[in-house]
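Student: Sequence and predicted structure below; questions after.
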Amino acid sequence: MNPSNTRHVELDLVRLAGQGMVTHDGGRTAVAEDFRAIKRPLLRNARPAADGADGQQSTPIHHGNLIVVTSALPGEGKTYCAINLAMSIATEMDITVMLVDADVARPSVLKVLGLPPAPGLMDVLLGEQPDLADVILKTNIRTLSIVPSGRTDKHATELLASRGMSRLLTDIAERYADRIVIFDSPPLLLTTEASVLAAQMGQVVMVVESERTTQHAVKEALQRIHHCANVNLIYNKSRAFAEAKYYGYYD
(Lines give C-alpha, C1' and ligand atoms only; values in the text may rest on other atoms or scores of the structure.)
Protein backbone atom coordinates (compact mmCIF):
# COMPACT_ATOMS: atom_id res chain seq x y z
CA MET A 1 0.00 0.00 0.00
CA ASN A 2 1.25 3.46 -0.86
CA PRO A 3 1.51 5.42 2.43
CA SER A 4 0.11 8.46 0.65
CA ASN A 5 -3.17 6.59 0.21
CA THR A 6 -3.57 6.07 3.93
CA ARG A 7 -6.64 7.91 5.15
CA HIS A 8 -6.88 9.47 8.59
CA VAL A 9 -10.05 10.36 10.46
CA GLU A 10 -10.55 12.22 13.71
CA LEU A 11 -12.85 10.69 16.31
CA ASP A 12 -14.53 13.20 18.59
CA LEU A 13 -13.60 11.48 21.84
CA VAL A 14 -15.36 14.05 24.01
CA ARG A 15 -18.61 13.47 22.09
CA LEU A 16 -18.25 9.69 22.31
CA ALA A 17 -17.52 9.81 26.05
CA GLY A 18 -20.61 11.97 26.46
CA GLN A 19 -22.63 9.24 24.77
CA GLY A 20 -21.37 6.67 27.27
CA MET A 21 -18.73 5.10 25.03
CA VAL A 22 -15.35 3.81 26.16
CA THR A 23 -12.51 6.23 25.32
CA HIS A 24 -8.80 6.42 26.13
CA ASP A 25 -9.17 9.32 28.52
CA GLY A 26 -12.75 8.74 29.64
CA GLY A 27 -11.74 7.45 33.06
CA ARG A 28 -12.88 4.34 34.94
CA THR A 29 -16.56 4.50 34.10
CA ALA A 30 -19.00 1.62 34.62
CA VAL A 31 -18.98 0.96 30.86
CA ALA A 32 -15.18 0.91 30.77
CA GLU A 33 -15.07 -1.55 33.66
CA ASP A 34 -17.67 -3.79 32.01
CA PHE A 35 -15.75 -3.99 28.75
CA ARG A 36 -12.47 -4.47 30.57
CA ALA A 37 -13.98 -7.66 31.98
CA ILE A 38 -15.55 -8.66 28.64
CA LYS A 39 -12.32 -8.36 26.65
CA ARG A 40 -10.08 -10.41 28.96
CA PRO A 41 -11.20 -13.94 27.95
CA LEU A 42 -11.31 -12.87 24.30
CA LEU A 43 -7.73 -11.63 24.44
CA ARG A 44 -6.58 -14.80 26.21
CA ASN A 45 -7.99 -16.87 23.36
CA ALA A 46 -6.51 -14.60 20.71
CA ARG A 47 -2.95 -14.29 22.02
CA PRO A 48 -0.62 -16.83 23.65
CA ALA A 49 0.12 -15.96 27.26
CA ALA A 50 2.50 -17.39 29.80
CA ASP A 51 0.84 -19.50 32.46
CA GLY A 52 1.81 -18.06 35.82
CA ALA A 53 1.70 -21.48 37.48
CA ASP A 54 4.25 -23.35 35.36
CA GLY A 55 5.55 -20.76 32.92
CA GLN A 56 4.23 -22.67 29.91
CA GLN A 57 2.53 -21.02 26.95
CA SER A 58 -1.18 -21.44 26.32
CA THR A 59 -2.14 -22.15 22.71
CA PRO A 60 -4.33 -19.55 20.97
CA ILE A 61 -7.32 -20.83 19.04
CA HIS A 62 -7.38 -20.84 15.23
CA HIS A 63 -8.11 -17.35 13.92
CA GLY A 64 -8.66 -16.31 17.52
CA ASN A 65 -7.76 -12.74 16.60
CA LEU A 66 -10.92 -12.56 14.45
CA ILE A 67 -13.89 -11.74 16.71
CA VAL A 68 -17.41 -11.26 15.36
CA VAL A 69 -20.04 -9.37 17.36
CA THR A 70 -23.61 -10.27 16.47
CA SER A 71 -27.11 -10.62 17.93
CA ALA A 72 -30.28 -12.56 17.27
CA LEU A 73 -32.28 -9.53 16.13
CA PRO A 74 -31.68 -5.87 15.18
CA GLY A 75 -31.61 -3.22 17.89
CA GLU A 76 -30.02 -5.29 20.66
CA GLY A 77 -26.92 -3.11 20.86
CA LYS A 78 -24.36 -5.15 18.92
CA THR A 79 -22.80 -2.11 17.20
CA TYR A 80 -22.55 -0.33 20.56
CA CYS A 81 -20.83 -3.40 22.00
CA ALA A 82 -18.55 -3.89 18.97
CA ILE A 83 -17.34 -0.28 19.13
CA ASN A 84 -16.86 -0.31 22.90
CA LEU A 85 -15.04 -3.64 22.73
CA ALA A 86 -12.69 -2.25 20.06
CA MET A 87 -12.19 0.95 22.06
CA SER A 88 -11.43 -1.03 25.20
CA ILE A 89 -8.91 -3.28 23.46
CA ALA A 90 -7.29 -0.19 21.95
CA THR A 91 -6.41 0.98 25.47
CA GLU A 92 -4.09 -2.02 25.90
CA MET A 93 -0.41 -1.13 25.91
CA ASP A 94 0.79 -3.61 23.29
CA ILE A 95 -2.27 -4.48 21.17
CA THR A 96 -3.71 -2.87 18.06
CA VAL A 97 -7.29 -3.39 16.95
CA MET A 98 -9.18 -3.05 13.67
CA LEU A 99 -12.95 -2.54 13.69
CA VAL A 100 -14.74 -3.80 10.56
CA ASP A 101 -18.34 -2.88 9.75
CA ALA A 102 -19.56 -6.15 8.22
CA ASP A 103 -23.27 -5.35 8.70
CA VAL A 104 -23.29 -4.49 5.01
CA ALA A 105 -27.08 -4.25 4.65
CA ARG A 106 -27.51 -1.88 7.61
CA PRO A 107 -24.11 -0.34 8.37
CA SER A 108 -23.92 1.97 11.36
CA VAL A 109 -20.36 2.01 12.72
CA LEU A 110 -19.36 5.23 10.95
CA LYS A 111 -22.65 6.91 11.86
CA VAL A 112 -22.27 6.08 15.55
CA LEU A 113 -18.68 7.35 15.47
CA GLY A 114 -19.78 10.57 13.76
CA LEU A 115 -17.83 9.89 10.54
CA PRO A 116 -18.95 10.36 6.92
CA PRO A 117 -19.46 7.40 4.53
CA ALA A 118 -16.29 5.98 2.96
CA PRO A 119 -15.22 3.07 0.73
CA GLY A 120 -14.78 -0.16 2.62
CA LEU A 121 -15.41 -3.89 2.80
CA MET A 122 -17.99 -4.07 0.00
CA ASP A 123 -15.74 -2.13 -2.38
CA VAL A 124 -13.01 -4.74 -1.85
CA LEU A 125 -15.39 -7.69 -2.31
CA LEU A 126 -16.79 -6.13 -5.49
CA GLY A 127 -13.30 -5.54 -6.85
CA GLU A 128 -13.62 -1.76 -6.84
CA GLN A 129 -10.76 -1.41 -4.38
CA PRO A 130 -7.69 -3.59 -4.99
CA ASP A 131 -6.83 -4.34 -1.40
CA LEU A 132 -8.24 -4.11 2.13
CA ALA A 133 -5.33 -1.88 3.10
CA ASP A 134 -6.66 0.73 0.68
CA VAL A 135 -9.89 1.22 2.65
CA ILE A 136 -8.51 1.17 6.20
CA LEU A 137 -9.11 4.39 8.12
CA LYS A 138 -6.42 5.34 10.61
CA THR A 139 -7.77 7.23 13.61
CA ASN A 140 -6.46 9.67 16.19
CA ILE A 141 -6.32 6.66 18.52
CA ARG A 142 -2.95 5.22 17.47
CA THR A 143 -3.93 1.61 18.17
CA LEU A 144 -7.36 1.73 16.48
CA SER A 145 -8.21 1.56 12.78
CA ILE A 146 -11.57 1.16 11.04
CA VAL A 147 -12.80 -0.58 7.88
CA PRO A 148 -16.20 0.85 6.80
CA SER A 149 -18.85 -1.32 5.17
CA GLY A 150 -18.46 0.65 1.94
CA ARG A 151 -20.91 0.96 -0.93
CA THR A 152 -24.36 -0.60 -0.93
CA ASP A 153 -25.19 -3.53 -3.19
CA LYS A 154 -28.32 -5.65 -3.63
CA HIS A 155 -26.23 -8.79 -3.09
CA ALA A 156 -24.43 -7.41 -0.05
CA THR A 157 -25.33 -10.11 2.47
CA GLU A 158 -24.68 -12.90 -0.06
CA LEU A 159 -21.16 -11.57 -0.51
CA LEU A 160 -20.49 -12.25 3.18
CA ALA A 161 -20.84 -15.97 2.45
CA SER A 162 -18.81 -15.85 -0.77
CA ARG A 163 -15.44 -17.45 -1.46
CA GLY A 164 -14.06 -13.96 -1.88
CA MET A 165 -15.02 -13.13 1.71
CA SER A 166 -13.53 -16.39 2.95
CA ARG A 167 -10.24 -15.63 1.20
CA LEU A 168 -10.31 -12.09 2.58
CA LEU A 169 -10.80 -13.34 6.14
CA THR A 170 -7.88 -15.74 5.79
CA ASP A 171 -5.78 -12.87 4.47
CA ILE A 172 -6.82 -10.64 7.37
CA ALA A 173 -6.06 -13.33 9.96
CA GLU A 174 -2.61 -13.98 8.52
CA ARG A 175 -1.58 -10.50 7.38
CA TYR A 176 -2.75 -8.87 10.61
CA ALA A 177 -1.91 -11.78 12.91
CA ASP A 178 -0.65 -9.39 15.60
CA ARG A 179 -3.88 -7.39 15.54
CA ILE A 180 -7.31 -8.04 17.05
CA VAL A 181 -10.00 -7.65 14.37
CA ILE A 182 -13.58 -6.95 15.53
CA PHE A 183 -16.41 -7.50 13.03
CA ASP A 184 -19.84 -5.92 13.51
CA SER A 185 -22.03 -8.58 11.87
CA PRO A 186 -25.64 -8.70 10.66
CA PRO A 187 -28.12 -10.23 13.16
CA LEU A 188 -28.23 -14.02 13.01
CA LEU A 189 -31.98 -14.34 12.52
CA LEU A 190 -32.13 -11.73 9.75
CA THR A 191 -29.90 -13.50 7.25
CA THR A 192 -28.33 -16.95 6.92
CA GLU A 193 -25.11 -15.31 5.72
CA ALA A 194 -24.46 -14.02 9.23
CA SER A 195 -24.00 -17.57 10.54
CA VAL A 196 -21.68 -18.39 7.62
CA LEU A 197 -19.59 -15.34 8.52
CA ALA A 198 -19.52 -16.32 12.19
CA ALA A 199 -18.34 -19.82 11.31
CA GLN A 200 -15.17 -18.38 9.81
CA MET A 201 -14.27 -16.43 12.94
CA GLY A 202 -12.16 -17.66 15.82
CA GLN A 203 -14.53 -16.17 18.41
CA VAL A 204 -18.18 -15.12 18.48
CA VAL A 205 -19.76 -12.56 20.81
CA MET A 206 -23.55 -12.55 20.78
CA VAL A 207 -25.38 -9.60 22.31
CA VAL A 208 -28.69 -10.37 24.03
CA GLU A 209 -30.99 -7.50 24.94
CA SER A 210 -32.44 -7.74 28.43
CA GLU A 211 -36.24 -8.08 28.73
CA ARG A 212 -36.74 -7.93 24.96
CA THR A 213 -35.03 -10.86 23.25
CA THR A 214 -37.06 -13.99 23.85
CA GLN A 215 -35.56 -17.24 25.02
CA HIS A 216 -36.77 -18.80 21.77
CA ALA A 217 -34.89 -16.22 19.68
CA VAL A 218 -31.71 -16.74 21.71
CA LYS A 219 -31.91 -20.51 21.31
CA GLU A 220 -32.59 -20.25 17.57
CA ALA A 221 -29.68 -17.84 17.11
CA LEU A 222 -27.34 -20.09 19.09
CA GLN A 223 -28.47 -23.05 17.02
CA ARG A 224 -27.35 -21.22 13.88
CA ILE A 225 -23.84 -20.92 15.30
CA HIS A 226 -23.71 -24.32 17.02
CA HIS A 227 -20.70 -25.19 14.86
CA CYS A 228 -18.70 -22.31 16.36
CA ALA A 229 -16.40 -23.49 19.12
CA ASN A 230 -15.99 -20.23 21.04
CA VAL A 231 -19.23 -18.34 21.71
CA ASN A 232 -19.67 -15.68 24.40
CA LEU A 233 -22.81 -13.78 25.36
CA ILE A 234 -23.24 -10.17 26.49
CA TYR A 235 -26.40 -9.36 28.44
CA ASN A 236 -27.16 -5.79 27.39
CA LYS A 237 -29.52 -2.99 28.49
CA SER A 238 -30.40 -4.62 31.79
CA ARG A 239 -32.37 -2.45 34.21
CA ALA A 240 -30.80 -4.32 37.09
CA PHE A 241 -27.35 -3.23 35.89
CA ALA A 242 -26.55 0.21 34.59
CA GLU A 243 -24.55 -0.93 31.56
CA ALA A 244 -23.68 -3.95 29.42
CA LYS A 245 -22.69 -7.04 31.39
CA TYR A 246 -20.64 -10.07 30.48
CA TYR A 247 -23.06 -12.96 30.54
CA GLY A 248 -20.83 -15.96 30.03
CA TYR A 249 -19.49 -18.67 27.78
CA TYR A 250 -21.77 -20.86 25.72
CA ASP A 251 -20.60 -24.32 24.66
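Tutor: Looks like it came in fine.
Student: residue boundaries of the strands in the stretch 51-200 of the chain?
Tutor: For the stretch 51-200 of the chain, strands defined by DSSP state E, counting those that start in this stretch occupy the ranges 66-71, 96-101, 137-139, 144-147, 179-184.
Student: most tightly surrounded among these?
Tutor: strand 66-71 (a mean of 28; mean count of other Cβ atoms under 10 Å). For every residue, glycine as well, the C-beta is placed using N, CA and C.
Student: tell me the angle of it relative to strand 179-184?
Tutor: 20 degrees (axes from the mean of the first three to the mean of the last three Cα atoms, to 10 degrees).
Student: mind listing what's buried in stretch 146-160?
Tutor: Going by neighbour count (16 or more other Cβ atoms under 10 Å), the buried part of stretch 146-160 is Ile146, Val147, Pro148, Ser149, Gly150, Arg151, Ala156, Thr157, Leu159, Leu160.
Student: Ignore what I typed, I meant stretch 30-40.
Tutor: Buried residues in stretch 30-40, defined by neighbour count with 16+ other Cβ under 10 Å: Val31, Ala32, Asp34, Phe35, Arg36, Ile38, Lys39.
Student: Mind checking which of the residues you listed land in helices?
Tutor: Mapping these onto helices (DSSP state H) picks out Val31, Ala32, Asp34, Phe35, Arg36, Ile38, Lys39.
Student: Can you add pLDDT and give these back as CSV?
Tutor: Formatted as CSV, these follow (pLDDT from 0 to 100):
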residue, pLDDT
Val31, 90
Ala32, 92
Asp34, 92
Phe35, 94
Arg36, 94
Ile38, 94
Lys39, 95
